[in-house]
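Undergrad: based on what follows, work out the 3D shape:
(2 chains)
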Amino acid sequence: MKARPLAWLEGKRTFILLALAGAALPLMDDSYIGLIATRACIYWILVAGLNLVVGFAGQIAIGWVALLTLGAYTTAVLTAGTVLPVVHPFLALAISGAAGAMFGVVVGLPALRLRTFYFAMTTLGFATIVTQVALAWKGVTGGGIGVPGPVFPAPFDSGWGFYYFCFALAVVSTWMTANIAVSRFGRGLVAIRDAEVAGEASGVSKRSLLTTVFLFSGALAGVAGGLFASLQSYITPDAFTFDLSILFFIAILIGGRGSIVGPLLGTIILTVLPEFAAPLVAWSTFLYAALLLAIVLAMPGGIADLLDVKNRRPLERHREIVPRPEILPRLLGEERENEGLSLSNITLSFGGVRAIAGLDLEIRPGEVHGLIGPNGSGKTTTLNVISGYYAPQSGEVRLGKMALPPGAPQRRASFRIARTFQTPRVIGAESALDNVKTGGMIDGRASFAESLLTLPRHRRDEADLHERAMRALTAVGLEALADVRADRLQHSELRFLEIGRALMLRPACLLLDEPAAGLSAEEIRRLGTLIKAISRAGTAVLLVEHHADLIFDICDRVTVLNLGKVLAAGTPAEIRSHREVVSAYLGA
Amino acid sequence: MLESIVSYGLAVGAVYALIGITYNVMFSASRVFSFTAGMLGMLGGVLGALFITRLGLPVALGLIATVACGAIIGVITEFVAVRPVLKNLEQHLYVLSTLAFALLVQQFTAIEWGTDAQPFPRLFQIEDSLVDQKFWLPVVACVATIVGLEILYRHTLVGRAFLAISEDNYAARALGLPEQRLRIASFALAGVIGTLAGFTGGEVLLAFFGNQSILNFYGFVPVALGGMGSNRGAVVGGFALGLFQQAANFLVGGVFAAVAVFVVFIIILLARPEGLAGAVSARRV
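TA: I've put the predicted structure just below:
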């Protein structure tokens, strides 16, 4: 590859232009413009954090103005010293950040339990409550009369001085969220949004990831609130209307989900637009709402999609998937301890239906184990028990000597059990490469804070992940499509992509749920070779499939299920001549 | 004091119950939670005051005009904010599209009607003997709606078709039911019920654009707790919420009443996300 000295600049052009424009703004020497720019910076500090919640994790958190209110009052009340001893403005700002972080979790955590609309409602409820409390708690907030906002010490007390302070914080927020966006945490958030089940199977823990993001996002909102109070110079509950919540929220959607540049431009546009058309001010929320409707109906990708020229270039029409199994040993590691997976006496009923009735199964490393049977015989259910989506009523799944915790799908990845799905579950909005990287979620060492600041450990993680993901893509034959958005790929390519993602886990046990469905004969042949090579590299492979040819071609052992029980088990040759199997399933 | 708690509580409770039923009627037909339920309630008050006070229509005509507008807006909702996003229900775009549509209507109302709460006309020029009409009107509307819906759902062919759609959309379509037309009809019906709630509760709630968010939230609480789609839950929950809220209002003051309702709501939902009477969700893989 040609060395390009300015490669790191790629994709950062918009940021750099905005930063230069922002830094040079005081040259215009217009204090009104300064005021609007300061407001845009403050809004963006909040939106940058909220973007991770809404744009990346896909949680519909509408009432984020509640946190701005909280931050504003905390800073103002602490610096005014009406209730407690006077606190230095910077310290007060930091305390607001901490309070915001705490409340961010309180507002956000219902997202772990509630459905989308319910969660949206609770955030709206929070916004209403906070304003009402601000009005009623006269002793602290001054009620409807309000409190004076904080004044930051020189040089930040002048208009432009305060602008630079806000601008610097806005730049830092942008930088931090952009770092998260390209880290495993960012990919985990997008997985929660677009492919939650697949994310769980890759070890994305929704609980801890969302909690962290709510903390971070709440902290930024709290800080933004403190700055907002200073900008307003006097705050009353009226300053925190629901319209602000709508502005924040819509800025993100106009910008496009899963982007940083888009929402940044969205925030600037929404802040600036009403200022240049004075008659529009009364109609601003009406316009925001109209924009939101238009975006949802006509352009769900937002500004980011418009800017994404790369993914509009046509792809080559006739593409072939040519896996390269020979590099598997390098990807999976040469010598691996693996004692295989065993199921003993598993039973599981749904209501009165016995889906699995006392199943024993042993899947050995280095072998492909086929699981076949008529529809409803319990194949996929068995897979779901192994990968933890169902907890069996009795029996045990063991990996070597360790018993796997029943249920708990998000913990399977740490046991190095990987799987694919009957209908491919990929993140359509992300590149093939990023999809595969999601599979390596649990191998990251850097903490959220390290990724936030791109500390060395984070950079090592990402470099390592990148190298392995490219290798995995090469192994499944998709390296030429690494940068293509997954929703532009063909069905067969998605099947191989899922296998690539599963390989990132260096699986001890790989569960494949009908990987050949919808593939051409030639693709099935290549798939067979690939699966066989994966097993020979020391993986225990369980293959659920309807293509009898593929099963008998590559399996070392076959188990036939019927009505949740083992009808027959043995080598392919034995199964093929098994009388009952032939009559019940294969046909004469 | 007990008297005012009960009369106020039942009156607003009836409005909450009706808004809850509005949510349900839309949900049953489309599996969509719509932010337009509170909007319809708000419009009931504003349109009623517009037609009767400003334009001087007789009460009966004013009522008919109001619910007719409700029905039309319901149909527009279906066309603009629901149908386009039904294809990908799991992306939850309807949350945004219905919110946007409701906001559009609300802002339009705020600008054209004004942001102050304006009085709602007295509907019957009679001396109220025992209980004031502003208290019993919403309750009567609520009872009438429940009885009406019961007759519709249980005893008419169209009503059974509604039930079939809400039970199993695909199967109903396979049977040849005109799913789309039934959905439009449901949204029109929701428009009627929602505006009726705002109209009959007008004297208590006034003609005020800000009622939208209040009704959106307090109308949703009973259905969320009672289980989405259950009208019984909405009615029981609505009245319970109204009484609880008014009791807290009189005893400890408005802010704490609001906080109390919210806290109870969150705690119950977190303990039982599917509602007190709802069913657990289906398989995911």
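Undergrad: use CA for all of it now, contacts and neighbours both
TA: Noted.
Undergrad: which parts of the longest helix seen in chain B are buried?
TA: In chain B, assigned by DSSP state H, the helix with the most residues is helix B:2-30. By neighbour count with 16 or more other CA atoms under 10 Å in any protein chain shown, helix B:2-30 contains the buried residues B:5-30.
Undergrad: same deal with stretch A:519-529?
TA: A:523-529.
Undergrad: for stretch B:91-99, same thing?
TA: B:92-99.
Undergrad: just the residues you listed that are near chain A?
TA: Contacts with chain A within those, as defined by CA under 8 Å from any CA of the partner chain: B:92-93, B:95-97.
Undergrad: so the single nearest residue of chain A relative to chain B is in which element?
TA: Nearest residue of chain A to chain B: A:Ala289, at 4.8 Å (CA to the nearest CA). If you go by DSSP states H and E, A:Ala289 is part of helix A:284-298.
Undergrad: packing partners of that helix?
TA: Packing contacts for helix A:284-298, counted by 3 or more CA pairs under 8 Å, 6 or more residues apart in numbering or on different chains; DSSP states H and E, involve helix A:242-255, helix B:93-113.
Undergrad: which residues touch B:Leu86?
TA: Contact analysis of B:Leu86 by CA atoms under 8 Å, 6 or more residues apart in numbering or on different chains lists B:30, B:94.
Undergrad: which residue sits closest to whichever residue of the stretch 151-285 of chain B sits closest to chain A, ignoring its sequence neighbours?
TA: Closest residue of the stretch 151-285 of chain B to chain A, CA to the nearest CA: B:Pro273 (5.7 Å). In this structure, B:Pro273 finds its nearest non-sequential neighbour in A:Leu114, 5.7 Å apart by CA to CA, 6 or more residues apart in numbering or on different chains.
Undergrad: need the residues of the stretch 151-285 of chain B near chain A, please.
TA: B:217, B:224, B:255, B:258-259, B:262, B:266, B:269-270, B:273, B:284-285.
Undergrad: next, the residue nearest to B:Pro273: phi, psi?
TA: phi -100, psi 160 (degrees, to the nearest 10).
Undergrad: quickly note the distance from the closest residue to A:Leu297 other than its chain neighbours to A:Gly108.
TA: The shortest distance from A:Leu297 to any non-neighbouring residue, by CA to CA, 6+ apart, is to B:Pro84 (6.8 Å). In this view, B:Pro84 and A:Gly108 are 29 Å apart by CA to CA, to the nearest Å.
Undergrad: more neighbours: these two, which one.
TA: Legend: neighbour count by other CA atoms under 10 Å in any protein chain shown for B:Pro84 and A:Gly108, higher for A:Gly108 (26 against 16).
Undergrad: in the stretch 151-300 of chain A, which ranges drop under the pLDDT threshold?
TA: A:278 (pLDDT under 70).
Undergrad: would you map the strands across it?
TA: A:234-235 (DSSP state E, counting those that start in this stretch).
Undergrad: residues of it that sit close to chain B?
TA: A:197, A:282-283, A:285-287, A:289-290, A:292-293, A:296-297.
Undergrad: of the residues you listed - the most surrounded one?
TA: Result: A:Leu292 is most packed of these (other CA under 10 Å), 28 neighbours.
Undergrad: hang on, it packs against A:Ile252?
TA: No. In this structure, A:Leu292 is not within contact of A:Ile252 by CA atoms under 8 Å, at 10.1 Å.
Undergrad: for the residue in chain B positioned nearest to chain A, grab the count of nearby residues.
TA: As assessed by CA to the nearest CA, chain A sits closest to B:Ala100 within chain B, at 4.8 Å. By the measure other CA under 10 Å, the count of residues near B:Ala100 is 28.
Undergrad: ok, it - contacts?
TA: A:289-290, A:292-293.
Undergrad: list the contacts of A:Ala40.
TA: A:Ala40 neighbours (CA under 8 Å, 6+ apart): A:267-268, A:271-272.
Undergrad: doesn't A:Ile321 make contact with A:Glu493?
TA: Yes. A:Glu493 is within contact range of A:Ile321, at 7.3 Å (criterion: CA under 8 Å).
Undergrad: what touches both of the two?
TA: Going by CA under 8 Å, 6+ apart, residues that sit against A:Glu493 and also against A:Ile321 are A:Leu478.
Undergrad: looking at the two, which has the bigger crowd around it?
TA: Between A:Glu493 and A:Ile321, A:Glu493 has the larger neighbour count (other CA under 10 Å), namely 23 against 18.
Undergrad: before we move on, back to that, is it true that the residue of the stretch 151-285 of chain B closest to chain A touches A:Arg113?
TA: Yes. Using CA under 8 Å, B:Pro273 is in contact with A:Arg113, at 6.4 Å.
Undergrad: these two: who's more crowded?
TA: It is B:Pro273, of B:Pro273 and A:Arg113, that has more neighbours when counted by other CA under 10 Å, with 22 against 16.
Undergrad: right, is the longest helix of chain B up against chain A?
TA: No. Counting by CA under 8 Å from any CA, chain A is not contacted by helix B:2-30; separation bottoms out at 11.9 Å.
Undergrad: kindly export stretch A:52-69 (C-alpha atoms) in CSV.
TA: Once non-C-alpha atoms are left out, stretch A:52-69 reads as follows in CSV (Å, rounded to 0.1, in the frame of the first residue of the first chain):
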residue,chain,number,x,y,z
LEU,A,52,-24.1,8.6,22.0
VAL,A,53,-27.5,7.7,23.7
VAL,A,54,-29.8,8.6,20.8
GLY,A,55,-27.7,8.4,17.7
PHE,A,56,-25.5,5.4,18.6
ALA,A,57,-27.4,3.4,21.2
GLY,A,58,-30.7,4.2,19.6
GLN,A,59,-32.5,5.0,22.9
ILE,A,60,-35.2,7.6,22.4
ALA,A,61,-34.4,9.9,25.2
ILE,A,62,-36.4,13.0,24.6
GLY,A,63,-36.5,14.9,27.8
TRP,A,64,-32.8,15.6,28.1
VAL,A,65,-33.5,19.3,29.0
ALA,A,66,-34.0,18.0,32.5
LEU,A,67,-30.3,17.5,32.9
LEU,A,68,-29.5,20.9,31.5
THR,A,69,-31.9,22.4,34.1
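Undergrad: from A:Gly149, how far out is A:Leu231?
TA: 8 Å.
Undergrad: looking at these two, which is more packed in?
TA: More neighbours surround A:Gly149 than the other of A:Leu231 and A:Gly149, with 25 against 20 (other CA under 10 Å).
Undergrad: wait, what's in contact with the more buried one?
TA: A:72, A:75-76, A:80, A:229-235.
Undergrad: quick one: the strands in chain B?
TA: Using DSSP state E, chain B contains no strands.
Undergrad: now the helices for it?
TA: B:2-30, B:36-49, B:59-77, B:93-113, B:133-155, B:157-167, B:169-174, B:179-200, B:202-205, B:211-226, B:231-252, B:254-271.
Undergrad: most tightly packed of those helices?
TA: Using mean count of other CA atoms under 10 Å in any protein chain shown, the stretch among the helices of chain B with the largest mean neighbour count is helix B:36-49, at a mean of 31.
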